[in-house]
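Student: from the sequence below, what's the structure:
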Amino acid sequence: MDDWDSYEAMSRSILNGHLFGELKNGYTSSFTYPYFLAGIHWVFGPSLSAIYYTQIVTLFISCILMVICANKMFGHRAGNATLLLVILIAILDISKWYVWRALSENLALLMIPIMFLA
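Tutor: Numbering: from 1, shown residues only. Next up is the predicted model:
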């Protein structure tokens, strides 16, 4: 069972009332990501495309938050450089390989700049 299959199975188990999820033929290394997926399913229904589009939005938000972090920590020049680099990485790598799969890295990319801003 692939990671994204186990995350999806665990999120559906959470939606069916199992608070900690039930995963019989596999394991998951992320505790929060199945709950994130379950929340998406609860709001938008069982569609996988809702997960993908939500992850695109979280990628966009995380890019903005990373630029804000760079501006606060290192100044406007570093913020502008970060903007360019983050957009390139988001377009060339993350949106190509991660956003279209149910992987916990999508949530981690959002949580890291949030922790720096907290």
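Student: what are the boundaries of the strands in the protein?
Tutor: For the chain, applying DSSP state E gives no strands.
Student: what lies in contact with the helix or strand of it with the lowest mean pLDDT?
Tutor: Using mean pLDDT, DSSP states H and E, the weakest-scoring helix or strand in the chain turns out to be helix 95-97, at a mean of 77. Outside helix 95-97, the residues that touch it by CB atoms under 8 Å, 6 or more residues apart in numbering are Ile56, Leu59. C-beta coordinates here come from the backbone N, C-alpha and C atoms, glycine included.
Student: can you list the low-confidence ranges for the chain?
Tutor: For the chain, the stretches with pLDDT under 70 are 1, 21-29.
Student: which parts of it are helices?
Tutor: Using DSSP state H, the helices found in the chain span residues 3-15, 33-44, 48-74, 76-89, 95-97, 105-117.
Student: how close does the residue of the chain most remote from its centre get to Ile68?
Tutor: In terms of distance from the mean C-alpha position of the chain, Arg77 ranks first, at 27.5 Å (CA atoms, centre = their mean). Arg77 sits 15 Å away from Ile68, taking CB to CB, to the nearest Å as the criterion.
Student: just Leu88 next, same as before
Tutor: The spacing between Leu88 and Ile68, counted by CB to CB, is 18 Å.
Student: those two: who's more crowded?
Tutor: Ile68 (15 against 10; other CB atoms under 10 Å).
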